[in-house]
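Asks: sequence first, predicted coordinates after that:
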Amino acid sequence: MEFFLDKDIIFRYARRIVFAHKMPKKQFDLIEEILSGKHTVHVSNNTPFAVLNYIKYRVQDERGLNKPLEEADRVAKSIYSKIFGKGKWNLVNLSWEDYENACKDRVHEWEDAVQYQCVLKIGKPFATDNIRDFEKDNAIKLMVVR
């Protein structure tokens, strides 16, 4: 199967790896299938940066651990190969016009608007658990993963 994956699901998986946080089983299983090469997945070109930056921040601040910057950086970089180093990942590159359209989007908040532009660009289903923000939109096909 081929689809665009909501970066929030990747964030949850990264938190599970680093902090042993819980995540919905269907989302965990989907990521595991992706990593095994079962699916071809598209993400916005800023997703790897966003995930690693988020993990770096959380390692520094998670429950008062206050890890040094160097350790947080090392952990974040190790996440890259654990997630994006396996499976069939494709980056969706948005043009300046696509970002402009995301800025003009009055329906979706910024991050959702960027992902929405990606889904429109590639024409693949959008795997997300955030159906509230997209359920009334007939321009894209949702793949609900809860």
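Replies: Structure's in. What do you need? Worth saying up front: this structure is predicted, and the values here are computed from it rather than measured. Numbers count the residues shown, from 1 in each chain.
Asks: when you work out contacts or count neighbours from here on, use the C-alpha atoms and nothing else.
Replies: Noted.
Asks: quick one: stretch 78-85 to chain centroid distance?
Replies: In terms of Cα atoms, centre = their mean, to the nearest Å, the centre of stretch 78-85 is set 13 Å apart from its chain centre.
Asks: flag every buried residue along it.
Replies: For stretch 78-85, a neighbour-count test (16 or more other Cα atoms under 10 Å) marks 79-80, 83 as buried.
Asks: what of stretch 83-102?
Replies: 83, 87-89, 92, 94, 98-99, 102.
Asks: keep only those of the buried residues of stretch 78-85 that are in helices.
Replies: Using DSSP state H, 79-80, 83 are the members of the buried residues of stretch 78-85 that sit in helices.
Asks: all helices for this protein, in order.
Replies: Using DSSP H, the helices of the chain run over 7-19, 25-35, 47-61, 69-83, 96-104, 110-122.
Asks: so how far is Ala113 from Leu91?
Replies: Noted for Leu91: a distance of 16 Å to Ala113, by Cα to Cα, to the nearest Å.
Asks: before we move on, what about Glu33?
Replies: Using Cα to Cα, Glu33 is found at 27 Å from Ala113.
Asks: list the contacts for Val107?
Replies: 113, 133 (Cα atoms under 8 Å, 6 or more residues apart in numbering).
Asks: scratch that, Arg146
Replies: Residues near Arg146 by Cα under 8 Å, 6+ apart: 24-27, 128-129.
Asks: filter these to the buried ones?
Replies: 27, 128-129.
Asks: pLDDT and distance to Ile17 added to those, as a markdown table?
Replies: Putting the buried ones among the contacts of Arg146 into a markdown table (pLDDT from 0 to 100; distance: Cα to Cα, whole Å) gives the following:
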| residue | pLDDT | distance to Ile17 |
| --- | --- | --- |
| Gln27 | 97 | 13 |
| Thr128 | 95 | 20 |
| Asp129 | 92 | 20 |
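Asks: mind putting the residues you listed in TSV, distance to Val145 included?
Replies: Formatted as TSV, these follow (distance: Cα to Cα, whole Å):
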residue	distance to Val145
Gln27	6
Thr128	6
Asp129	5
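Asks: of the buried residues of stretch 78-85, closest to Tyr54?
Replies: Ile79 (11.0 Å; Cα to Cα).
Asks: pretty sure that closest one sits against Ala14.
Replies: Yes - judged on Cα atoms under 8 Å, Ile79 makes contact with Ala14 at a distance of 7.0 Å.
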